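Engineer: Quick one, what's the 3D model for this:
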Amino acid sequence: QLEPLQLTQNANDPAIVDDIDIGNDESIMKVFSEVKNRMVGSGVYKTGWTDLNNMLQGGFRPGEFVMIPALQHKYKTGFTLSLFAQIATNNAPLTKDISKKPLLLRISFEDDINLNLQFLYQYLKYNETRQPVNHSDVTVVDMAKYVKERLQVNGFNIKMLRVDPTQWSYKNICNKILEYETQGYNVEVVMVDYLTMLP
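Structural biologist: Numbers count the residues shown, from 1 in each chain. Model (predicted):
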């Protein structure tokens with residue numbers, strides 16, 4: 001006598017978020033319609049490297065968690081800083097809510113901000129001029145203005161943090177994002193360098 005009641009209650013299981021019957025054409029086409037929009041739609045952040053975009057089927061998508069593993073001294077920081085600059089300079093923000101400020105956030109547990117900004121200046125300048133970058137004939141004001149203009153050319157807000165990882169946990173990353181969201185930002189990309197340093 002209890003079995004019908006049990007079956008009815010299980011049929012309304014709130015833990016089941018989504019389901020699909022592969023034999024049902026309508027339900028499977030609905031899912032693939034969403035897949036197609038996700039894969040070829042405008043919701044992609046392209047990198048500056050064609051082969052990497054091809055490998056990623058267009059680029060990085062909002063909500064994706066991407067790890068770039070490598071041994072020590074194998075250019076992880078340089079690679080991710082290059083991606084950070086490429087996302088800022090090659091894409092328009094995907095923020096749907098125009099009342100929100102689109103934010104690219106980079107958190108470093110390893111390198112000081114001055115090293116990151118030096119790299120960004122050299123990277124952006126070299127890619128523009130294709131000439132060796134000479135710091136001696138450029139002022140601090142000019143360097144700051146150049147990096148600011150290049151990284152914000154498409155409307156992104158840029159924030160970079162240098163954090164002592166022994167004082168943080170994964171909760172602090174989440175809380176920092178929530179803090180920025182309460183300040184009116186829409187956090188489009190969070191880049192952490194590098195995660196294994198976090199307790």
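Engineer: beta partners for residue 159?
Structural biologist: Residue 159 has the following beta-bridge partners by DSSP bridges: residue 105.
Engineer: What residues does it make contact with?
Structural biologist: Taking Cβ atoms under 8 Å, 6 or more residues apart in numbering as the definition of contact, the neighbours of residue 159 are 103, 104, 105, 106, 180. Any C-beta I mention is one placed from the backbone N, CA and C, and that applies to glycine too.
Engineer: out of those residues, who's nearest residue 153?
Structural biologist: Compare each of the contacts of residue 159 with residue 153 using Cβ to Cβ and the shortest gap goes to residue 104, at 12.3 Å.
Engineer: wouldn't residue 188 be in contact with residue 156 here?
Structural biologist: Yes: assessed by Cβ atoms under 8 Å, residue 188 is found in contact with residue 156 at 7.3 Å.
Engineer: Which residues are in contact with each of the two?
Structural biologist: 93, 102, 103, 104.
Engineer: ok, and the most crowded of the residues you listed?
Structural biologist: residue 104 (24 neighbours; other Cβ atoms under 10 Å).
Engineer: Give me the pLDDT for it.
Structural biologist: Among the per-residue scores, residue 104 holds a pLDDT of 97.
Engineer: and the gap between it and residue 152?
Structural biologist: For residue 104, the distance to residue 152 (Cβ to Cβ, to the nearest Å) stands at 10 Å.
Engineer: Spell out the residue ranges of the strands in the protein.
Structural biologist: Using DSSP state E, the strands of the chain run over residues 101-108, 157-162, 185-193.
Engineer: which residues of this protein score low on pLDDT?
Structural biologist: Filtered on pLDDT under 70, the chain yields the residue ranges 5-12, 37-42.
Engineer: which ones are touching residue 81?
Structural biologist: With contacts defined as Cβ under 8 Å, 6+ apart, the neighbours of residue 81 are 106, 116, 119, 120, 123, 193.
Engineer: Please repeat the previous calculation with a cut-off of 7 Å.
Structural biologist: The neighbourhood of residue 81, defined by Cβ atoms under 7 Å, 6 or more residues apart in numbering, consists of 116, 119, 120, 123.
Engineer: So which of those is the closest to residue 198?
Structural biologist: The shortest distance between residue 198 and any of those, using Cβ to Cβ, involves residue 116 and amounts to 17.8 Å.
Engineer: OK, contacts around that closest one?
Structural biologist: Applying Cβ under 7 Å, 6+ apart, we find residue 116 in contact with 81, 108, 160.
Engineer: mind checking how far the second one is from residue 117?
Structural biologist: Going back to what we said before, that points to residue 108. Look at residue 108 and residue 117: by Cβ to Cβ, they are 11 Å apart.
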